[in-house]
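*Asks:* Kindly return the folded structure for what I paste below:
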Amino acid sequence: TATGGQTETQEYFGELFAPLFSRDMNVPLMDMLEFNGSVRRVEAKNKDINNLGNGTNKSTAWEVGGRWAPVRDVTFRGSYTKAIRSPSLVELYTPEIGSFVMANDPCDQRFVGAGLVPSVRRANCIAAGINPNTFLSNAVNATIPILTSGNPDLKPEESKSYTVGVVLQPRWVDRMALTVDYFHINIENRISPLSLTQVLGACYDSPSFPNTPACSDNLFRRDANGQITFGRTTSLNAANSLFEAVEGHLSWGVGVADAVRYSHLNLNKGDADLGDLNFSLTLLRTLKNDLQVLDEQPSNPVGTFTQPKWKGTFDVTYNKGNLRLFWRTLYQSSPVWLSTDGSSYVVNLGPGQEPTPATSANIINVDLRPYWMHNASIQYTLFDKTSIQFSVNNVFNTMPSVLNRADAAYYTSDMIGRYYTLRIRQQF
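*Replies:* Here you go, the predicted structure:
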């Protein structure tokens, strides 16, 4: 069946910038004060290939913020934002695609004790005519037919966020700046593709069973014996997320000749141009990254390899004339390795030691080693528009440890080891 769609939008936008105080006004504790705001009105109408629409989604996004510098060396800044993200045409109008999947049936005797409130799940299964004490679902061990498609009834995602921060630029240290910012981002009605297991859980874990949308016959069906015979997966406005983090950035630049004078070394260089050194350090501390889909237990992957608690980048750049030297160090804090009883993972591998399988009945938390990566490059501009650059990635040929590989706590490029690239760039 042919499928497709289009989105027609009308948008109205306005912004305001108001400088209230400045340094030349000589007002105490008001070296600078400014306010800014913006608003955007969006009216979007989605139509399928038959030019049939599902109404007009009307949303308003806005932001207010400001900066205040009591003295020239310190600036405080902050903002509050309400934003939206409209569903894409792919999320709205993906055609139906057939496949076969397995699913964890919440009424199966092996899963009825799970869920946020197991007693609610059990009561709903009984109300559906299924005995969860004896029922074994075929969907757990054998595939069933499903259809996957877009959802033309999706609504825009909405987020509310605020940031507060400070900028330090001490006048007694040339070319130095330090910034620290806190981020808080809450997204509601987040568009999330749902698996059949999630649809089933949302139905039987709901206090309003069977009147919740997740229990619709359009999403799954059972036969007279309670076995699932059909399922449908799609995207719904079914998730909420919360992200909190603190980010700091320090930058400092200095002329090499100035650094020599500061160090009181007498190299007889006078005022010679010895080039510039620039240092840059960025650190991100992730506090929360919660994601809750429907009524599932919220997930918080902070501390894993893909969502480390600490993440940092340190750059050193030297420039002199046509020459540029660059060094970058990447850092991620130790991820926590989560394993459960019966896994084949090992918990200790040392010189002369035999692999020890994880046999504890409790969850095993093992800190893997921190991630460090060092890259370097040298670039020289031959002519005004021609440059040549030689790079060395993974300078120290660092390879993931056995445990990091077992937990997939590494990037694909890390397995290559040290490698080199040569690039010649010509601008016209």
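
*Asks:* Helix or strand with the lowest mean pLDDT in this structure?
*Replies:* Using mean pLDDT, DSSP states H and E, strand 364-367 stands out as the lowest-scoring helix or strand of the chain, at a mean of 49.

*Asks:* Let me see the contact set for the closest residue to Asn141 other than its chain neighbours.
*Replies:* Distances taken as C-beta to C-beta, 6 or more residues apart in numbering put Met102 closest to Asn141, at 7.0 Å, once the chain neighbours are dropped. C-betas here are computed from N, CA, C, even on glycine. Contacts for Met102 (C-beta atoms under 8 Å, 6 or more residues apart in numbering) come out as 139-144.

*Asks:* Look up which helix or strand Val120 falls in, please.
*Replies:* Assigned by DSSP states H and E, Val120 belongs to helix 118-127.

*Asks:* Give the other helices and strands that the helix or strand following that helix contacts.
*Replies:* Following helix 118-127 in sequence order, the next helix or strand is strand 144-148 (DSSP H and E). Here strand 144-148 touches strand 97-101, strand 228-233, going by 3 or more C-beta pairs under 8 Å, 6 or more residues apart in numbering; DSSP states H and E.

*Asks:* What are the boundaries of the helices in the stretch 51-200 of the chain?
*Replies:* 89-93, 118-127, 196-204 (DSSP state H, counting those that start in this stretch).

*Asks:* deepest of the ones you listed, which one?
*Replies:* Comparing the helices of the stretch 51-200 of the chain by mean neighbour count (mean count of other C-beta atoms under 10 Å), helix 196-204 comes out on top with a mean of 24.

*Asks:* Check which helices and strands the helix or strand following it sits against.
*Replies:* Scanning forward in sequence from helix 196-204 by DSSP H and E, the next helix or strand is strand 220-222. Strand 220-222 sits against helix 196-204, strand 228-233, with contacts defined as 3+ C-beta pairs under 8 Å, 6+ apart.

*Asks:* Out of these, flag the one nearest Leu29.
*Replies:* helix 196-204 (53.8 Å; C-beta to C-beta).

*Asks:* on that earlier part again, among the helices of the stretch 51-200 of the chain, which is nearest Ile416?
*Replies:* Closest approach to Ile416 among the helices of the stretch 51-200 of the chain (C-beta to C-beta): helix 89-93, 33.0 Å.

*Asks:* ok so, going back, flag every buried residue along the following helix or strand past the least confident helix or strand of the chain.
*Replies:* The first helix or strand that comes after strand 364-367 along the chain, using DSSP H and E, is strand 371-383. Across strand 371-383, burial judged by 16 or more other C-beta atoms under 10 Å covers 371, 373-374, 377, 379.

*Asks:* want to try CSV for those residues, with pLDDT and distance to Pro132 as columns?
*Replies:* As requested, the buried residues of strand 371-383 are exported to CSV (pLDDT from 0 to 100; distance: C-beta to C-beta, whole Å):
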residue, pLDDT, distance to Pro132
Tyr371, 87, 44
Met373, 93, 50
His374, 95, 56
Ser377, 97, 62
Gln379, 96, 67
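
*Asks:* mind checking the end-to-end distance for stretch 303-322?
*Replies:* By C-alpha to C-alpha, to the nearest Å, the extent of stretch 303-322 from end to end equals 43 Å.

*Asks:* distance between it and the chain's centre?
*Replies:* How far stretch 303-322 lies from its chain's middle: 17 Å, per C-alpha atoms, centre = their mean, to the nearest Å.
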